[in-house]
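>>> Fold the following.
(chains A, B, C and D)
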Number of protein chains: 4
Amino acid sequence: MYSFKNDYSEGAHPRILNALVESNLEQEEGYGEDRYSLKAIEFIKERMGRNDVDIHLVSGGTQTNLLAISAFLRPHEAAIAASTGHILIHETGAIEATGHKVLSIEAEDGKLTPEHVKTVLDAHTDEHMVKPKLVYISNSTEIGSIYNKTELQQLRNFCHENNLILYMDGARLGSALCSAENDLQLRDLPELVDAFYIGGTKNGALIGEALVICRDSLKEDFRFHMKQKGAMLAKGRILGVQFLELFRDNLFFELASHANKMAEKLRDELGKENIQFLTHSPSNQIFPILPNALITKLQDKYAFHIWEKVDSEHSAIRLVTSWATKEEAVKAFIADFK
Amino acid sequence: MYSFKNDYSEGAHPRILNALVESNLEQEEGYGEDRYSLKAIEFIKERMGRNDVDIHLVSGGTQTNLLAISAFLRPHEAAIAASTGHILIHETGAIEATGHKVLSIEAEDGKLTPEHVKTVLDAHTDEHMVKPKLVYISNSTEIGSIYNKTELQQLRNFCHENNLILYMDGARLGSALCSAENDLQLRDLPELVDAFYIGGTKNGALIGEALVICRDSLKEDFRFHMKQKGAMLAKGRILGVQFLELFRDNLFFELASHANKMAEKLRDELGKENIQFLTHSPSNQIFPILPNALITKLQDKYAFHIWEKVDSEHSAIRLVTSWATKEEAVKAFIADFK
Amino acid sequence: MYSFKNDYSEGAHPRILNALVESNLEQEEGYGEDRYSLKAIEFIKERMGRNDVDIHLVSGGTQTNLLAISAFLRPHEAAIAASTGHILIHETGAIEATGHKVLSIEAEDGKLTPEHVKTVLDAHTDEHMVKPKLVYISNSTEIGSIYNKTELQQLRNFCHENNLILYMDGARLGSALCSAENDLQLRDLPELVDAFYIGGTKNGALIGEALVICRDSLKEDFRFHMKQKGAMLAKGRILGVQFLELFRDNLFFELASHANKMAEKLRDELGKENIQFLTHSPSNQIFPILPNALITKLQDKYAFHIWEKVDSEHSAIRLVTSWATKEEAVKAFIADFK
Amino acid sequence: MYSFKNDYSEGAHPRILNALVESNLEQEEGYGEDRYSLKAIEFIKERMGRNDVDIHLVSGGTQTNLLAISAFLRPHEAAIAASTGHILIHETGAIEATGHKVLSIEAEDGKLTPEHVKTVLDAHTDEHMVKPKLVYISNSTEIGSIYNKTELQQLRNFCHENNLILYMDGARLGSALCSAENDLQLRDLPELVDAFYIGGTKNGALIGEALVICRDSLKEDFRFHMKQKGAMLAKGRILGVQFLELFRDNLFFELASHANKMAEKLRDELGKENIQFLTHSPSNQIFPILPNALITKLQDKYAFHIWEKVDSEHSAIRLVTSWATKEEAVKAFIADFK
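Presented below is the predicted three-dimensional model:
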């Protein structure tokens, strides 16, 4: 059984594990003040050509989202998310548990536009309703689509005109930035969003996301929030060592590129067989629509999620590739598919 | 510079790292449903001779405390902690952030007795005050003392008579259980407390605590709470692999014993020089009272916390040993001390 | 300018004010333990023929909703509401501020059915999503419709089969129970819902809602929650005196009947003129669809909410009547309309 | 049985009730936007000679405290209170329920000084602890003492130097300002504190406190918080009508003066009999220390709280007077005492 269920089925890229092994017995400061974390943060800043952002290393995506959103908002303020947004459904009410409503709006391709946000703003007119304040987007999105630079600029402009915070969930940012259709660079992001995170867990790390806070007014006292929410690891070094390895050279991007290449291969080969896809997803998640009988057969040898029923005979499945996806597995899947 | 500042200065015990390396490329289920986590939990249960407890692997101590306490209590219920209790001061209001007051009471040696708890109960008489409901204890405590079996039984009896939940923070449970003065066994704990955790981070793991829920009524839906609080790791396997290694044989206890032995050596040698200690601490944290001038000198070569001023000429320092503490370092410290 | 904007434009029914005046200088216990509150609760229980419910007097509707829902749910549990539900949009995230998500589902007439609830349950399958636990309904609803006995029984059965709490917001319960189309009695409710409130503010009181908790497991320690949320008035007597007057005889029902009669008159007369209504609302809120030009003219002499745009030439307005609505005002409105 | 238990045993001053009766049938806007509330706020501002403060009318003291503190603080920030502070013990963890720790410090006379606050600040040094941010004081205090102008100025200066918010609970502000020992005026307060409330419930109103926000940065969006916490009454007029009557002329101060005069009479007469007092309390609460046998006898005819045991033979009781306390009752108490 080979799994295309997600991009966190394996451990870490061997280079990352190796870095953990090599640094293992050095004595370091706790709670993220070790030399590895400081160095990793420096490297990421350099990569963005920016020294005026704050970077915090956090263990996981839900943790990062709840941490950032609860730190950024006042009690009566709410987040806006697309109806496919991860925080809306798949984080067990983590945002609400910190006291904030998540307002949702349908967005067919999983991406928010100024028009979407405006619709939500227009519906919230006075103090009898929450005050929409933060726009949550994911890149790549939960259904595999990605934002291009123009789209992001338009959203950013709208947010700033309306005094909104623009926050990007980058659990799969690597895959987005390495997509064949992408025109964004990591160094563009501090100009385009107020805060975002660079996902490590789904791109080769054991655990770890790097939250980048770009807007000055959101930076103050952030480490207090981390500690209060249980997000500050005693051995913070393990996040530092991993991100240092990912950003010491191009490893982060190489791993994402591999994942994308594997997805592309699946997409191309299935496409050749006239398979339709539920969404346009130029990243490491694809959603082919297959006959139910075929799905059942494929399940004998492959693990994947059945995403949704399309008609009585067909369903869309989700295939996810990662830095660890083996080319032979992709080939075998295609062969079996045929 | 050698550090006795804490028990999380190094990475993981080599056997644990090795286990991570060896399991690294296997595909596993996410979110703690991998085979390693399941196996680790089975091993811990066996070690306690109990199959009727629920065990969850969590990344850190503050995370575990806030998770358990907020899951166990209703909104108007409060925790009781000794004035030295970690949740009271050193977790940035993590418990209060989930809505619950922490009531404190002075306890000279850091240990709560039925009398302490009764004092708090007696002061909370009606609905104009919170309802004390959970008794938080640490073993070993924040000042190095440990509970013996009789003390714990008395506390447990009092709690049950008064319908209170008894919760033990076991960040340093290994050290407590391996103390020369200890008469408790891991297998005694499910009888004595309603929930507790077995600390991995401070006893040889990279990250990880194993929360054991003993009382049936506290078990329901716990994984929802984990996810909601950002405590469920996508690659939960990394917790499983580590705890499996710690409990596959006696590694967990061997590591704690080493830490204790190193502390004992320091204690004995300092004792021989007529040094007094701030607390009676038969575990891996000791608090010798030293002349300030000597402290300054020692700081040239050793890192440690100055715990508190004792008089104008003396202060108590905290020396912490761990599984990784080198015997040479201890010897060198003693030599330098002399 | 006469207002049909809402049912809380005036103060209290004169008999209620008079009762406040007459009891004014008696010395009473504070915090709802006065003789008036106790007596009022007794009278309401008698009216329902039930002595096994708990009743608490609270100052307002949002306060009551947030109090009940946060007391009834554990942190990971969520409420389900119709898309028109008051807690969903019009309470500034009061429920989310206590940590709980509100899940919504479209319900054309503002009423939830077992099918609606099932749809939500089916979409929440594991610990990565909140656990739907409480079904929030309003009677009458926010758009004037009411539940009949059969509908409520079906919903109640479904809830109990699925271990859900059924909670009814009764801000306008008086109007619902006195509707010409109603077949429910107050005494039926403890059998049909787990908790509900009897709205006083919108039916003749200055302030005050009577929360009735029917299910035993939801009763414990409720007064702690009231105090904690700022909902326990020092002079709780003012709630007691008012509810005593409302339920000493039939005043509560007489006031609601008057409100309904006034709405009925408006509905009938507008109906005769072939005016369509946005919703079927046999209670004290009606939503006639009028030409925009006419609306503008009516606004010279009458205050009301424009509810929603229907087409380029028409909008639905909301007319609300109350115990205080004057028959002359209704006649004048109709005359002006014609 | 005559009660000296508290200052909320009776209803409202007759003039206030009368104002409610007279305004009763006028149609007014809801939610505090009625003409009475606006006028009342205008009158209070005039009384302070300040137009640059924001005033909100709220139903009760705990509600006001939790509302203000949760609106003013970010999640990791904490309040500081004297060990007798009402929010610390007697509000069922209302502040903690909004996520904030309350730090306490012993203050013998119930009043905080810069030294007290400094002690707390000095103990909170980094992100592993909460950040003390708001200083909560009560005037008069929970044990009857009052702040003089110099004390308040010193505290204010310290707070501003340390970037702290100074908040005053004025549940009994009337009594404080009308104390024979007082040198503060209402118009001084906006200079001296960042926010405070003027207590109505304990000074002649049925319900109602007027929260005054003086510091600009604390004002934004406050009505959202009120709605979210269930503190916005549909018939907000009832708060407006009452505060208008209290501040239309000198009624607020006359009522407080009467309460103080009654307390003074008790204090003087008991003092003549060589009775000692637990605290120095020049306001409407006094704490005479009486022989237990005498207490028992007095309890036959008078209701009051036994405050605390002083020695095996004596206890301190609390006697509270109010605007409604009858001079005959005071005389009778003294006669019975003798």
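>>> Centre of the chain to stretch A:47-55, how far?
In this view, stretch A:47-55 has its centroid 19 Å away from the chain centroid, taken as Cα atoms, centre = their mean, to the nearest Å.
>>> does the nearest residue to residue A:114 once chain neighbours are set aside belong to a helix or a strand, and which?
Nearest-residue entry for residue A:114: residue A:158, 3.7 Å, with adjacent residues in sequence omitted and distances by Cβ to Cβ, 6 or more residues apart in numbering or on different chains. Quick note: C-beta positions are derived from backbone N, CA and C, even for glycine. Assigned by DSSP states H and E, residue A:158 belongs to helix A:149-161.
>>> tally of neighbours for the residue nearest to residue A:114?
20 (other Cβ atoms under 10 Å in any protein chain shown).
>>> Then the one 5 residues further on?
Using other Cβ under 10 Å, residue A:163 has 7 other residues around it.
>>> Residue A:123 now?
Applying other Cβ under 10 Å, we find 12 other residues in the vicinity of residue A:123.
>>> and if you look at residue A:1?
8.
>>> And it, how far from chain C?
Distance, residue A:1 to chain C, by Cβ to the nearest Cβ, to the nearest Å: 21 Å.
>>> Does that residue touch residue A:299 like I think?
No. Counting by Cβ atoms under 8 Å, no contact exists between residue A:1 and residue A:299, whose distance comes to 9.1 Å.
>>> And the strands in chain A, which stretches?
Per DSSP state E, chain A has strands spanning A:2-3, A:54-58, A:77-82, A:102-105, A:131-138, A:165-169, A:195-199, A:209-213, A:285-286, A:289-291, A:302-303, A:305-309, A:314-320. These are given in chain order.
>>> count of neighbours near residue A:58?
Number of residues near residue A:58 (other Cβ under 10 Å) recorded here: 27.
>>> List the beta-bridge partners for it.
With DSSP bridges as the criterion, residue A:58 is bridged to residue A:209.
>>> pretty sure it contacts residue A:64?
Yes. In terms of Cβ under 8 Å, residue A:58 counts as a neighbour of residue A:64; the distance is 4.6 Å.
>>> Check the gap between residue A:131 and residue A:81 for me.
If you measure residue A:131 against residue A:81 using Cβ to Cβ, to the nearest Å, the figure is 16 Å.
>>> Kindly apply the preceding question to residue A:215 instead.
Distance, residue A:215 to residue A:81, by Cβ to Cβ: 19 Å.
>>> Would you enumerate the residues in contact with residue A:317?
By Cβ atoms under 8 Å, 6 or more residues apart in numbering or on different chains, the contact set of residue A:317 is A:287-288, A:290, A:295, A:298, A:304-307.
>>> give me that answer again for 7 Å
A:287-288, A:290, A:295, A:304-307 (Cβ atoms under 7 Å, 6 or more residues apart in numbering or on different chains).
>>> care to break chain A down by domain?
Segmentation of chain A into domains, based on automatic domain parsing, reads A:2-7+A:252-337, A:14-249.
>>> Mind putting those into TSV with mean pLDDT?
What follows is the domains of chain A, written out as TSV (pLDDT from 0 to 100):
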stretch	mean pLDDT
domain A:2-7+A:252-337	96
domain A:14-249	97
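>>> Show residues contacting stretch A:288-304.
Applying Cβ under 7 Å, 6+ apart, the set of residues contacting stretch A:288-304 from outside is A:1-5, A:270, A:275-278, A:306, A:310, A:313-319, A:333, A:336-337.
>>> Around chain B, pick out the residues from the stretch 151-300 of chain A.
By Cβ under 7 Å from any Cβ of the partner chain, the residues of the stretch 151-300 of chain A that approach chain B are A:201, A:206-207, A:224, A:227-231, A:233-235, A:237-238.
>>> Out of the contacts of residue A:317, flag the one nearest to chain D.
When the contacts of residue A:317 are compared for distance to chain D (Cβ to the nearest Cβ), residue A:305 comes out closest, at 34.9 Å.
>>> in chain A, which spans are helices?
Under the criterion DSSP state H, helices of chain A are mapped to A:14-23, A:35-48, A:61-72, A:86-89, A:94-97, A:114-122, A:149-161, A:173-177, A:189-192, A:222-228, A:237-248, A:251-272, A:292-298, A:327-337.
>>> most neighbours per residue, which of the ones you listed?
Stretch with highest mean neighbour count among these: helix A:173-177 (a mean of 29; mean count of other Cβ atoms under 10 Å in any protein chain shown).
>>> which strands and helices sit next to that helix?
Helix A:173-177 is packed against strand A:195-199, helix A:251-272, with contacts defined by 3 or more Cβ pairs under 7 Å, 6 or more residues apart in numbering or on different chains; DSSP states H and E.
>>> With that, I have no additional questions.
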